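1. Quick one: sequence and predicted model below, then my questions.
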Amino acid sequence: MIFRRLYYDRLAQASYLIACEATRRAIVIDPLRDPTACLEAAAFEDVRIELVTETHVHADFLSGAETLSRSTPSCTSRAKAAPTKPRHVSDALAHTRSETAMCCRSAECGSRFDILQGTRPST
């Protein structure tokens, strides 16, 4: 396994490049707004970024998921906006199907689909 932590001091933001040494396929988690560091790390490690995801909605900085996904024939996370309706204490507040949907673009056919809900949202 290849594991690279990419850290941006000014925002105290960490991104991660994780890849399989055998297949050379990689995922980027919480990409920096400027995808250059992620792309350079992937090139240095000689891996292909196929997945891009976020752990949650980041309110303190802009995500690079959209920009990075445009630079690679890969997946991106599609985090919905923060909830606007009142919540009960017992309600889950994050990382649920209603809050975060991981949406992929198939490299083979270019189609998009929601991994968690099994639906095909409009592009």
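-> Nice, I can see it. Residues are numbered from 1 along each chain as shown.

2. in the chain, which spans are strands?
-> 2-8, 13-19, 25-29, 48-53, 76-79, 100-105, 112-114 (DSSP state E).

3. Show the secondary-structure elements that the first one is packed against.
-> Packing partners of strand 2-8 (3 or more Cβ pairs under 8 Å, 6 or more residues apart in numbering; DSSP states H and E): strand 13-19, helix 36-45. Using the backbone N, CA and C atoms, a C-beta is placed for each residue, glycine as well.

4. What residues of it count as buried?
-> R4, L6 (16 or more other Cβ atoms under 10 Å).

5. Could you check the angle that strand makes with strand 25-29?
-> With axes from the mean of the first three to the mean of the last three Cα atoms, to 10 degrees defining the directions, strand 2-8 sits at 30 degrees from strand 25-29.

6. quick one: contacts of strand 2-8?
-> 13-21, 26, 32, 37-38, 41, 45, 47 (Cβ atoms under 8 Å, 6 or more residues apart in numbering).

7. looking at the helices and strands packed on strand 2-8, which is closest to T72?
-> For T72, the closest of those is helix 36-45, at 8.2 Å, according to Cβ to Cβ.

8. Farthest-apart pair in the contacts of strand 2-8, please.
-> Farthest-apart pair in those is Q13 and E21; separation 26.3 Å (Cβ to Cβ).

9. Which one of these two is surrounded by more residues?
-> Neighbour tally, Q13 and E21, criterion other Cβ atoms under 10 Å: the higher count belongs to Q13, 19 against 9.

10. check contacts around C20.
-> Counting by Cβ under 8 Å, 6+ apart, C20 has contacts M1, I2, A26.

11. confidence score at the residue nearest to the second one when sequence neighbours are not counted?
-> What that stands for is I2. Nearest non-adjacent residue to I2, counting by Cβ to Cβ, 6 or more residues apart in numbering: A19, 4.1 Å away. Predicted confidence (pLDDT) for A19: 93.
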